[in-house]
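Q: compute the structure for the input listed below.
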Amino acid sequence: MDEINRTTSSAAADVRAVRERVATHLVGRERETDLLLAAVAAGRDVLIEGPPGTSKSTLLRAITGEWGIPLLFVEGNADLTPTRLVGHHNPARVLREDYTADNFVAGPLVEAMRTGGFLYVEEFNRAPEDTLNTLLTAMAERSVTVPTMGTVRAADTFRVVASMNPYDAVGTTRMPTSVSDRMCRLAVGYQDAEAERGIVGRRTGIEARRLVADAVALTRATRERDDVRQGSSVRGAIDVALVASQLAAMRGVAVPDTDELRGLPEDYTAVVWDAMLVALSGRVHLDEIAEQTPEGVLREIWEDHFLLQPAAAAPG
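A: Residues are numbered from 1 along each chain as shown. Coordinates of the predicted model:
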């Protein structure tokens, strides 16, 4: 019993140490980090449900990087067949040698099982049903059988981690209960404004707090309108800040060093407007009955921010 207690204590200490190191790669996400790390450390497969740009892949890279195990990405779509997922025999070598284990080309599932890595399936609910069934076998049995080659058994650290966007139902399929019953589920939403400002600052290296605050506030506003089905993630704010910074340098426009929105120079707000058009117009997905264009929606957001509500996005 003492030996079991010592082993359990050591494992918990290892997870705590990994958790502390993972936190250095992220801005916020403390609760999500704890939940995901606890689930995969417990040997569970996980479905992460949330919109794009909510740090799902960043979190997985941090965990697998700190554990020193591979992270293999596949995109769930109609082309993700069981053969593409599991692997295939090299046709040219088959003609010469017949089917052998040596001429089998491992797919991402077999590669992840052999190396003890994480198989990360993005857009999980877009994958064909027979592909999901193949994954179900791997999750349930921790092994897959390949005809003419044999059975591949998963290393202890192998996990299936999938993601899906709950706001996008176009071209998706209903998740079979047999699959969802095998997976833990973690819902991930957008972070608050302070965390997103931290992300933009870290990703861009831009020190101008006014520009970072404006980029985040304008991007977050795309998620709050009734005529927008899905707005932009923090990636849009990153691009707004980067493009605006380059435009300001090209045009000789000074980026204000102020926490106050009132009285900002028109040349600066014009730079931000142009950056919004480039960075956000393709990321704003309007409701089907909306009469606006993405550019029209962005113009209203820009006017609301700089002209009508000038106290809405102080850097804080």
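Q: drop to CA atoms for contacts and neighbour counts, all remaining ones
A: Fine.
Q: where does the stretch 151-300 of the chain dip in pLDDT?
A: 167-173 (pLDDT under 70).
Q: residue boundaries of the helices in it?
A: Assigned by DSSP state H, counting those that start in this stretch, the stretch 151-300 of the chain shows helices spanning 177-180, 193-204, 209-221, 234-251, 266-280, 294-303.
Q: those: which one's closest to Val27?
A: Nearest of the helices of the stretch 151-300 of the chain to Val27, taken as Cα to Cα: helix 193-204 at 6.1 Å.
Q: buried sites along that closest one?
A: Neighbour-count burial for helix 193-204 flags 193, 195-201 (criterion: 16 or more other Cα atoms under 10 Å).
Q: and if you look at stretch 149-162?
A: 152-154, 157-162.
Q: which residues touch Ala39?
A: 45-46, 184 (Cα atoms under 8 Å, 6 or more residues apart in numbering).
Q: cool, and Gly116?
A: 69-70, 154-159.
Q: again with Ala221
A: Neighbours of Ala221 in contact, by Cα under 8 Å, 6+ apart: Ile301.
Q: what's the answer for Val212, then?
A: 197, 200-201, 206, 237, 241, 315.
Q: tell me how far stretch 132-148 lies from the chain's centre.
A: Its chain's C-alpha centre and that of stretch 132-148 lie 26 Å apart, by Cα atoms, centre = their mean, to the nearest Å.
Q: mind starting the numbering at 42 from now?
A: In the new count, where the first residue is 42, that last one comes out as stretch 173-189.
Q: tell me which residues in that stretch are buried?
A: Those would be 173, 175-177, 179-180, 183-185, 187, for stretch 173-189 by 16+ other Cα under 10 Å.
Q: keeping just the C-alphas, turn it into PDB.
A: What follows is stretch 173-189, C-alpha atoms only, in PDB (Å, rounded to 0.1, in the frame of the first residue of the first chain):
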ATOM      1  CA  LEU A 173     -15.400   7.600 -37.100                       C
ATOM      2  CA  ASN A 174     -16.000   3.900 -36.700                       C
ATOM      3  CA  THR A 175     -12.300   3.300 -37.300                       C
ATOM      4  CA  LEU A 176     -11.400   5.800 -34.600                       C
ATOM      5  CA  LEU A 177     -14.000   4.200 -32.300                       C
ATOM      6  CA  THR A 178     -12.100   0.900 -32.600                       C
ATOM      7  CA  ALA A 179      -8.800   2.500 -31.800                       C
ATOM      8  CA  MET A 180     -10.300   4.300 -28.800                       C
ATOM      9  CA  ALA A 181     -12.100   1.300 -27.400                       C
ATOM     10  CA  GLU A 182      -9.600  -1.400 -28.100                       C
ATOM     11  CA  ARG A 183      -6.400   0.700 -28.100                       C
ATOM     12  CA  SER A 184      -5.500  -1.300 -31.200                       C
ATOM     13  CA  VAL A 185      -6.300  -1.600 -34.900                       C
ATOM     14  CA  THR A 186      -6.000  -4.600 -37.200                       C
ATOM     15  CA  VAL A 187      -4.500  -3.900 -40.700                       C
ATOM     16  CA  PRO A 188      -5.300  -6.700 -43.300                       C
ATOM     17  CA  THR A 189      -2.100  -8.500 -44.500                       C
END
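Q: returning to that earlier point: now, among the buried residues of stretch 190-203, which is nearest to Thr218?
A: Ala203 (14.9 Å).
Q: follow-up on the earlier one: ok, so of the buried residues of helix 234-245, who is nearest Ile104?
A: Ile240 (18.2 Å).
Q: look up phi and psi at the residue lying closest to that closest one once chain neighbours are set aside.
A: Distance criterion Cα to Cα, 6 or more residues apart in numbering; nearest residue to Ile240, sequence neighbours excluded, is Val68 at 6.1 Å. The phi and psi values for Val68, taken as degrees, to the nearest 10, are phi -110, psi 120.
Q: before I go, just wanted to say thanks for your time.
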